[in-house]
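> sequence first, predicted model second:
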Amino acid sequence: QVQLVESGGGLVQAGGSLRLSCAASGRTFSSYSMGWFRQTLGKEREFVAAFSWSDGSTYYADFVKGRFTISRDNAKKTVYLQMNSLKPEDTAVYYCAADVRYPGSWPAVVPDYWGQGTQVTVSS
């Protein structure tokens, strides 16, 4: 089992920044990828970004490229999502996830493990 705990959501004005954190515990992570999805009320959950612990590779949804950055802290077993130049349409509940599949496949898969979600609200 893998346990994931998100933090760092909140309210920010358009153009501002937030950093989300996801602390992982449980099974070893060397063969896992971790990343983020988001969901707005009435819409399906959508892929945002993912990172591979095994080789450090990353993969991003087109709508966040150049604005969001996913990174890690090995010692803390924590993955971060730095979100810059936020837009009102980025408002959503952001979920951390973990899965053995490679980051490039994440837009088409449902990861095995999920956090509880953290709300991000961007005001105009």
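Right, received. Where do you want to start?
> from here on, contacts and neighbour counts on C-alpha atoms
Fine.
> could I have stretch 110-124 exported to CSV, CA atoms only?
C-alpha atoms of stretch 110-124 as CSV (Å, rounded to 0.1, in the frame of the first residue of the first chain):
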residue,chain,number,x,y,z
VAL,A,110,-6.4,5.7,-13.6
PRO,A,111,-3.5,5.5,-11.0
ASP,A,112,-3.7,2.9,-8.3
TYR,A,113,-3.2,5.2,-5.3
TRP,A,114,-4.8,8.6,-4.5
GLY,A,115,-4.6,11.3,-1.9
GLN,A,116,-7.6,13.0,-0.4
GLY,A,117,-7.3,16.1,-2.6
THR,A,118,-6.5,19.8,-1.9
GLN,A,119,-8.6,22.7,-3.1
VAL,A,120,-7.0,25.4,-5.3
THR,A,121,-9.0,28.5,-6.0
VAL,A,122,-7.8,31.2,-8.4
SER,A,123,-9.8,34.4,-8.3
SER,A,124,-10.0,36.8,-11.2
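> can you tell me how far Arg101 is from Ser85?
29 Å (C-alpha to C-alpha, to the nearest Å).
> no, scratch that, I was asking about Arg19
Arg19 is 12 Å from Ser85, where distance means C-alpha to C-alpha.
> what's the answer for Phe63, then?
Noted for Phe63: a distance of 12 Å to Ser85, by C-alpha to C-alpha.
> so which residues make contact with stretch 75-90?
Residues outside stretch 75-90 that contact it (C-alpha atoms under 8 Å, 6 or more residues apart in numbering): 13-25, 34-36, 67-73, 120-124.
> hmm, 6 Å instead?
The set of residues external to stretch 75-90 that reach it, using C-alpha atoms under 6 Å, 6 or more residues apart in numbering, is 14-24, 67-72, 122-124.
> hmm, back to that, higher neighbour count, Phe63 and Ser85?
Ser85 (15 against 10; other C-alpha atoms under 10 Å).
> can you get me a residue count around the residue nearest to Phe68 when sequence neighbours are not counted?
Spatial nearest neighbour of Phe68, chain neighbours left out: Met83 (4.5 Å); criterion: C-alpha to C-alpha, 6 or more residues apart in numbering. Other residues near Met83 come to 20 when the count uses other C-alpha under 10 Å.
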